[in-house]
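# Generate a structure from the sequence data that follows.
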Amino acid sequence: MELENHFYIAENTLYTWVSNKIDEIFQIVIEEHKSISMLVESLRTNADLEDKLDRIAIVLENHIKLEERILFPKVKDSLSKDALMKLAEDLEKNGYLNI
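Presented below is the predicted three-dimensional model:
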């Protein structure tokens, strides 16, 4: 549930701030959120748990790299200092920074 909340807040708060320059990357991030959610949901069945956990680890690691190395720098470059401060306030207000 915390992962779903994290994704929801990130998508809905960040999306209101992103420019057209990073829409394509942001769409990839949203698709990855969906894939990760589906993988986590698949854990409800006990079949192949080890394989599923390995897959989640790989997908999550790649996702974090995409966000940290590509998405977040592009967000930073596309927003003014004031807008970045307001974005940080929105993320904190919505609980993103506390997750």
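
# Please make it C-alpha for all contacts and neighbour counts, starting now.
Will do.

# Output the contacting helices and strands for the helix or strand bottoming out on mean pLDDT in the chain.
In the chain, no helix or strand scores lower on mean pLDDT, DSSP states H and E than helix 2-15, which sits at a mean of 79. On a contact count with 3 or more C-alpha pairs under 8 Å, 6 or more residues apart in numbering; DSSP states H and E, helix 2-15 meets helix 23-41, helix 81-93.

# Provide the angle between the direction of it and the direction of helix 81-93.
Orientation check (axes from the mean of the first three to the mean of the last three C-alpha atoms, to 10 degrees): helix 2-15 against helix 81-93 gives 150 degrees.

# Might you list the low-confidence residue ranges for the chain?
Low-confidence segments of the chain (pLDDT under 70): 19-21, 97-99.

# Tell me how far the nearest residue to Leu49 once chain neighbours are set aside lies from Ile64.
Sequence neighbours aside, Leu43 is the residue nearest to Leu49 in space, at 6.5 Å (criterion: C-alpha to C-alpha, 6 or more residues apart in numbering). Distance of Leu43 to Ile64, given as C-alpha to C-alpha, to the nearest Å: 21 Å.

# circling back: orientation of the least confident helix or strand of the chain relative to helix 23-41 in degrees?
Counting by the same axes, to 10 degrees, helix 2-15 lies at 170 degrees to helix 23-41.
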